[in-house]
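[1] Build me a structure from this.
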Amino acid sequence: MAYNLKEAIQKQNRMTSGHRMCAGCGAPVVVNAVLRALKEEDHAVIGAATGCLEVSSFMYPYTAWRDSFIHNAFENAGATMSGVEAAYKAMKKKGKIPEDKHTKFITFGGDGGTYDIGIQSLSGAMERWHDMVYVCYDNGAYMNTGIQRSSATPRFADTTTSPAGKVVPGKQQKRKDLTEVMAGHHLPYIAQTAAVGNFSDITTKAEKAIYTEGPCFMNVLAPCPRGWGYNTEDLMQINKLAVETCYWPLYEIIDGRYVVNYKPKNKLPVEDFLKPQKRFKHLFKEGNEWMIEELQKEVDERWERLLALEKMTNK
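    Now for the predicted structure:
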């Protein structure tokens with residue numbers, strides 16, 4: 001279906017307000033934009049790995065979730081939801097669930113619980129071909145436990161476990177490209193997106209993922225004001241800069257075919273994305289220009305590779 005902003009915002013949020021997430025956090029924005037893609041008559045089972053989203057939205061006996069909700073350990077969000085989906089299929093086969101009842105299975109996990117600790121159970125669930133959607137809300141570190149670096153943390157970022165000092169200027173390793181890791185699983189639908197503009201990109205992709213049969217994966221940028229160090233009111237601007245600099249390209253992989261959804265006419269330099277964030281403030285000190293140059297080189301190489309993949313898979 002074509003995206004309709006008016007219809008989307010008129011839908012009741014499936015994650016309610018009053019959920020204790022920080023002001024300016026990208027995660028609840030991501031969740032509601034994704035869940036707006038659900039048909040109102042469809043029931044959903046929502047899973048969440050331990051993390052900011054879970055601890056702030058579900059404090060027994062209180063919950064911010066209108067659908068069925070499962071909190072599981074950090075490392076097994078993918079395994080938990082795959083088990084629920086398998087049980088649902090078995091119960092339907094036995095006639096214990098009406099044929100006209102439709103339930104969708106959606107799991108949310110941060111980058112710590114997805115890129116790192118949970119990648120084994122995620123990979124297993126995708127390989128077993130469960131009919132479910134896994135959504136990674138990528139805030140680039142272990143934010144819930146004190147802003148420790150993860151494999152999603154950008155190179156040179158300052159975190160509590162990769163502090164920017166005179167000898168070692170922040171994290172030394174390049175950021176893992178999880179979207180491309182998932183491409184190796186040959187899924188029917190994969191998307192990388194962010195909450196930009198009128199939310200058309202994220203909600204349209206969520207609808208495709210939810211209503212495509214089989215395992216689907218979405219990697220969604222979810223900035224963190226505490227970990228990244230930006231003003232809370234600048235959330236949407238940070239998302240926009242990530243996209244306009246091509247630090248976070250918007251694209252889909254549909255049955256192996258790459259589709260780049262947005263190509264900036266005037267691609268901005270990556271320093272425009274870095275400058276508003278305190279985690280990168282050391283990059284702008286005299287003598288540290290080389291780090292910005294290295295990050296620009298990395299962004300450019302990944303962008304050119306993505307364009308080449310689009311060209312190659314659409315012949």
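
[2] how near is D201 to A73?
    31 Å (CB to CB, to the nearest Å). Every residue, glycine included, has its C-beta placed from N, CA and C.

[3] Which one of the two is surrounded by more residues?
    D201 (23 against 14; other CB atoms under 10 Å).

[4] what's the helix or strand for T203?
    helix 200-210 (DSSP states H and E).

[5] quick one: average confidence on that helix?
    The average pLDDT within helix 200-210 is 97.

[6] contacts for it?
    For helix 200-210, contacts defined as CB atoms under 8 Å, 6 or more residues apart in numbering pick out 1, 3, 5, 8, 30, 33-38, 104, 106, 133, 135, 189, 191, 193-196, 216-218, 220, 250, 252, 261-262.

[7] Buried ones only from those residues, please, as a PyMOL command.
    Buried residues within the contacts of helix 200-210, by 16 or more other CB atoms under 10 Å, are selected in PyMOL with:
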select buried, resi 3+8+30+33+34+35+36+37+38+104+106+133+135+189+191+193+194+195+196+216+217+218+220+250+252+261
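
[8] and M236, how many neighbours?
    16.

[9] One more: K94?
    8.

[10] now swap in N239 and tell me
    Counted with other CB under 10 Å, N239 comes out at 25.

[11] Likewise for C22?
    Other residues close to C22 by other CB under 10 Å number 16.

[12] Wait, it touches R226, no?
    Yes - with contact defined as CB atoms under 8 Å, C22 reaches R226; the gap is 6.3 Å.

[13] where along the stretch 1-150 of the chain do the helices fall?
    5-10, 27-35, 52-57, 77-93, 111, 119-127 (DSSP state H, counting those that start in this stretch).

[14] any idea how far E40 is from the nearest residue to E127 once chain neighbours are set aside?
    With CB to CB, 6 or more residues apart in numbering as the criterion, E127 has its nearest non-adjacent residue at 6.2 Å, and that residue is H185. Using CB to CB, H185 is found at 31 Å from E40.

[15] Of these two, which one has the most company?
    The neighbour comparison of H185 against E40 (other CB under 10 Å) goes to H185, with 15 against 8.

[16] quick one: contacts for the more buried one?
    H185 sits next to 123, 126-127, 215, 217 when contact means CB under 8 Å, 6+ apart.

[17] buried subset of those?
    Going by neighbour count (16+ other CB under 10 Å), these have 126, 215, 217 buried.

[18] nearest to Q172, of those?
    Within those, the smallest distance to Q172 is 27.8 Å, found for F217 (CB to CB).

[19] Report the spatially nearest residue to the closest one, omitting neighbours in sequence.
    M182 (4.6 Å).

[20] my read: that neighbour touches C216, true?
    No - using CB under 8 Å, M182 is not in contact with C216, being 9.5 Å away.

[21] name the helices or strands packed onto the lowest-mean-pLDDT helix or strand in the chain?
    The helix or strand of the chain with the lowest confidence, counting by mean pLDDT, DSSP states H and E, is helix 5-10 at a mean of 77. Counting contacts by 3 or more CB pairs under 8 Å, 6 or more residues apart in numbering; DSSP states H and E, helix 5-10 packs against no other helix or strand.

[22] Repeat the analysis, applying 10 Å as the threshold.
    Judged by 3 or more CB pairs under 10 Å, 6 or more residues apart in numbering; DSSP states H and E, the packing partners of helix 5-10 are helix 27-35, helix 200-210.

[23] what about L38, distance to R14?
    7 Å.

[24] Could you pull out the residues contacting both of those two?
    Common neighbours of L38 and R14, counting by CB atoms under 10 Å, 6 or more residues apart in numbering, are 44, 67, 106.

[25] what's near enough to touch the second one?
    To tie it back to what came earlier, the one meant is D67. Contact analysis of D67 by CB under 10 Å, 6+ apart lists 14-15, 35, 38, 42-46, 103-104, 106.
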